[in-house]
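Participant: here is my input; please provide its structure:
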Amino acid sequence: MNQTHILSWILFTPLIGAMVLLFMPREWDNAQRVVGNVFGMLGFVVSLPLIWRFQIGTPGYQFRENYDWIPSIGAHYSLGIDGISFLLVMLTTILGAISILSSWSAIQTRKKEYYILFLLLQTGMLGVFMALDFFLFYLFWEVMLVPMYFLIGVWGSDRRLYAAIKFFLYTLAGSVLMLLAILALYYRAHDVAGAGAAYTFDIPTLLGAVPQFSTSLQRLLFWGFFFAFAIKVPMFPFHTWLPDAHTEAPTAGSVILAGVLLKMGTYGFIRFSLPLLPTDAVARQHIINILMVLSIIGIIYGALVCMMQKDMKKLVAYSSVSHLGFCTLGIFALNPHGLSGSVIQQINHGISTGALFLIIGVLYERRHTRLISEFGGLSTPMPNFAAIYLIATLSSLGLPLLNGFIGEFTILSGIFQVNTSWTAWAVMGIVLGAAYLLWLYQRVMFGPVTNPANEHLADLNMREYATLVPLVLLAFWIGIYPKPLFRVLDAPVRQIVEQVNPNYYNSATAQRWGEKPPAAIVTATAPAKPDSTKPEKPVKPAVTAVIAAASASTAENTAENR
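Facilitator: Now for the predicted structure:
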């Protein structure tokens with residue numbers, strides 16, 4: 001595999017699988033299932049070279065690919081990853097392979113279409129984490145929406161059409177606002193740079209121009225992107241589509257929805273919303289206060305609603321609202337502990353919640369019900385299942401030596417540096433999380449077998465072990481030895497903090513925690529205006545230089561490609 005094009009190989013391997021399935025006869029049911037699983041696993045295999053080729057500690061993006069795509073509007077096929085997107089790409093490939101494998105016996109109708117759509121969904125998710133061009137990013141963001149709509153609407157449960165339409169409308173509404181914000185950023189950056197500069201959708205270039213905008217425009221751009229990402233996370237009060245989508249989706253759809261799709265929202269907050277925060281201190285703090293309050297409400301509200309659920313799948317779905325609230329808390333703490341903890345907790349949530357949805361899928365295949373009242377005493381006929389279920393539960397509630405503890409502790413330490421009251425409220429979510437998860441486990445697994453239908457349930461088979469054991473091993477590895485993840489995140493997190501909170505490393509808090517500024521910051525951010533209330537000038541030398549450099553780089557790449 002050519003290292004120059006490694007991201008393209010990872011991105012398009014699932015798409016190649018979808019094309020192969022497209023030309024297979026519909027009657028070849030078993031062959032379609034085998035090919036779908038082969039390309040699901042192959043998508044993970046081709047991503048493995050990233051582990052030893054990724055340069056830890058190197059600032060900026062790696063494995064860059066940049067080619068002309070639509071030169072007339074300045075759109076490029078531009079890919080690259082840093083430590084944050086590297087971890088999310090690896091999470092996407094491993095959960096994609098596990099999710100497709102979990103569908104082996106669960107999907108009995110329209111197998112060809114199912115595997116095609118799932119592989120297309122995989123390509124869309126990977127593209128979101130790799131794209132360094134706004135036009136390309138938006139394309140992948142929308143491509144992901146269509147396969148997920150059909151996966152819920154065709155292979156879902158009884159109310160699948162309602163859940164699919166609700167998911168589609170919520171996501172599309174946020175996407176339209178984000179499109180308007182992208183266009184405003186695109187045209188305004190060109191106006192600021194001057195008439196002689198080229199139009200471009202290059203993400204680092206456009207985000208580097210934001211400090212030259214007025215405070216009012218920065219605020220509008222932030223909220224334009226915010227709604228798309230808040231709906232995807234989902235933050236309170238934009239969360240109402242999530243329980244329906246989770247409950248009605250097939251097991252693999254729920255795993256990939258919780259494990260990866262929700263992370264597209266938190267990734268958007270980190271990659272785009274943080275650089276779009278207003279440079280004016282008062283406006284910035286006002287926005288941060290709003291987001292912190294919404295995150296805390298989501299943490300506590302989601303946990304309380306979990307305790308009232310009768311459906312196992314809906315309970316785990318609402319738990320995502322609570323757990324992702326911790327991730328947004330860490331992001332907007334604007335310090336290294338908060339940001340690092342948030343990214344690690346996103347990975348942890350994908351592992352633990354993905355395992356819980358797989359476990360519920362195992363029960364549903366055997367009993368065709370998800371009602372908690374239908375179960376009880378399952379640890380007797382299914383002891384191995386009970387052991388893995390217990391590990392997934394303890395991982396989700398944050399027991400030390402398991403992955404959930406590392407992320408939550410790091411986030412809370414970052415929030416504690418900012419506001420002790422916010423930390424106290426967030427801790428309540430951990431207590432409530434332990435309550436509803438342990439209560440669910442107790443009702444399903446302990447006590448006598450009261451329902452005769454549960455007396456002879458089969459324990460886990462080899463395929464189910466193959467889907468659950470890797471997640472259990474990852475939970476223990478991250479919980480016992482998380483150092484590799486922190487090392488991967490160190491350089492990009494320091495770079496982001498230096499960009500959005502430049503005074504942090506000179507503060508007493510940073511010195512108390514032993515935080516040192518990065519040795520070299522590679523960023524396209526121009527210096528902020530001294531007075532954001534003054535009218536904007538038509539030409540800004542710093543931004544002109546940035547866009548001119550991007551144009552020169554594009555021309556050089558074009559000549560080289562030719």
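
Participant: and the residue nearest to Asp29 when sequence neighbours are not counted, how far from Leu440?
Facilitator: Excluding its sequence neighbours, the residue lying closest to Asp29 (Cβ to Cβ, 6 or more residues apart in numbering) is Lys111, at 5.6 Å. In this view, the C-beta of every residue, glycine as well, is placed from N, C-alpha and C. For Lys111, the distance to Leu440 equals 32 Å [Cβ to Cβ, to the nearest Å].

Participant: out of the two, which sits in the more crowded spot?
Facilitator: Using other Cβ atoms under 10 Å as the criterion, Lys111 and Leu440 rank with Leu440 on top: 22 against 19.

Participant: and the host helix or strand of that one, which residues are buried?
Facilitator: Using DSSP states H and E, the element containing Leu440 is helix 420-445. Residues of helix 420-445 classed as buried: 422-423, 425-426, 429-430, 432-434, 436-437, 440-441, 444-445 (neighbour count, 16 or more other Cβ atoms under 10 Å).

Participant: returning to what we had before: need the contact list for the residue nearest to Asp29.
Facilitator: Shown in contact with Lys111 (Cβ atoms under 8 Å, 6 or more residues apart in numbering): 29, 32-33, 36.

Participant: quote the end-to-end distance of stretch 191-199.
Facilitator: 9 Å (Cα to Cα, to the nearest Å).

Participant: so for that stretch, mean pLDDT?
Facilitator: Mean pLDDT, computed over stretch 191-199, is 79.

Participant: next one: stretch 206-215
Facilitator: Mean predicted confidence for stretch 206-215 is 88.

Participant: and for Cys108, the neighbour number?
Facilitator: Quick fix: residue 108 reads Gln, not Cys. Other residues near Gln108 come to 9 when the count uses other Cβ under 10 Å.

Participant: which other helices and strands does the host helix or strand of Ile347 contact?
Facilitator: Element membership of Ile347 [criterion: DSSP H and E] is helix 336-367. In terms of contacts (3 or more Cβ pairs under 8 Å, 6 or more residues apart in numbering; DSSP states H and E), helix 336-367 is packed against helix 83-102, helix 251-256, helix 262-268, helix 312-331, helix 383-397, helix 403-418, helix 462-480, helix 483-500.

Participant: and the angle from the last one to helix 462-480?
Facilitator: Per axes from the mean of the first three to the mean of the last three Cα atoms, to 10 degrees, the angle that helix 483-500 makes with helix 462-480 is 60 degrees.

Participant: buried residues in helix 483-500?
Facilitator: Quick answer for helix 483-500 (16+ other Cβ under 10 Å): 485-486, 488-500.

Participant: ok, for Phe134, nearest residue in space, not its chain neighbours?
Facilitator: Once flanking residues are discounted, Phe134 sits nearest to Phe201: 4.2 Å by Cβ to Cβ, 6+ apart.

Participant: roughly how far does the one you found sit from Phe446?
Facilitator: 56 Å.

Participant: between these two, which has more neighbouring residues?
Facilitator: Neighbour tally, Phe201 and Phe446, criterion other Cβ under 10 Å: the higher count belongs to Phe201, 26 against 13.

Participant: now the residue nearest to Asp29, what are its backbone angles?
Facilitator: With angles defined as degrees, to the nearest 10, Lys111 sits at phi -60, psi -40.

Participant: do you know the pLDDT at it?
Facilitator: The predicted local confidence for Lys111 is 86.

Participant: before we move on, what about the one 4 residues further on?
Facilitator: For Tyr115, the pLDDT comes out at 92.

Participant: ok, now the one 10 residues further on?
Facilitator: According to the per-residue confidence, Met125 scores 93 in pLDDT.

Participant: quick check: next helix or strand after the helix or strand that contains it?
Facilitator: Element membership of Met125 [criterion: DSSP H and E] is helix 111-130. Downstream of helix 111-130, the next assigned helix or strand under DSSP H and E is helix 134-143.

Participant: re earlier: buried residues in the helix holding Met125?
Facilitator: So for helix 111-130, counting by 16+ other Cβ under 10 Å, buried means 111-130.

Participant: same check, this time on stretch 357-371
Facilitator: For stretch 357-371, the buried set under the neighbour-count rule, 16+ other Cβ under 10 Å, comprises 357-364, 367, 370.

Participant: ok, back up a step: most neighbours of all the contacts of Lys111, which one?
Facilitator: Highest neighbour count within those: Gly36, with 27 neighbours (other Cβ under 10 Å).

Participant: could you tell me the angle between the one helix or strand it maps to and helix 83-102?
Facilitator: Assigned by DSSP H and E, Gly36 belongs to helix 29-45. With the same axes, to 10 degrees as the basis, helix 29-45 and helix 83-102 are set at 160 degrees to each other.

Participant: which strands or helices does helix 29-45 pack on?
Facilitator: Here helix 29-45 touches helix 6-22, helix 83-102, helix 111-130, going by 3+ Cβ pairs under 8 Å, 6+ apart.

Participant: with just CA atoms, put that helix into PDB.
Facilitator: What follows is helix 29-45, C-alpha atoms only, in PDB (Å, rounded to 0.1, in the frame of the first residue of the first chain):
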ATOM      1  CA  ASP A  29     -27.700 -14.900  -0.500                       C
ATOM      2  CA  ASN A  30     -24.800 -16.700   1.200                       C
ATOM      3  CA  ALA A  31     -22.200 -15.200  -1.200                       C
ATOM      4  CA  GLN A  32     -23.600 -11.700  -0.500                       C
ATOM      5  CA  ARG A  33     -23.300 -12.200   3.200                       C
ATOM      6  CA  VAL A  34     -19.700 -13.500   2.900                       C
ATOM      7  CA  VAL A  35     -18.600 -10.700   0.600                       C
ATOM      8  CA  GLY A  36     -20.200  -8.100   2.900                       C
ATOM      9  CA  ASN A  37     -18.300  -9.500   5.900                       C
ATOM     10  CA  VAL A  38     -15.000  -9.800   4.000                       C
ATOM     11  CA  PHE A  39     -15.000  -6.200   2.900                       C
ATOM     12  CA  GLY A  40     -16.100  -5.100   6.400                       C
ATOM     13  CA  MET A  41     -13.100  -6.900   7.900                       C
ATOM     14  CA  LEU A  42     -10.900  -5.700   5.000                       C
ATOM     15  CA  GLY A  43     -11.900  -2.100   5.800                       C
ATOM     16  CA  PHE A  44     -10.400  -2.700   9.300                       C
ATOM     17  CA  VAL A  45      -7.300  -4.500   8.000                       C
END
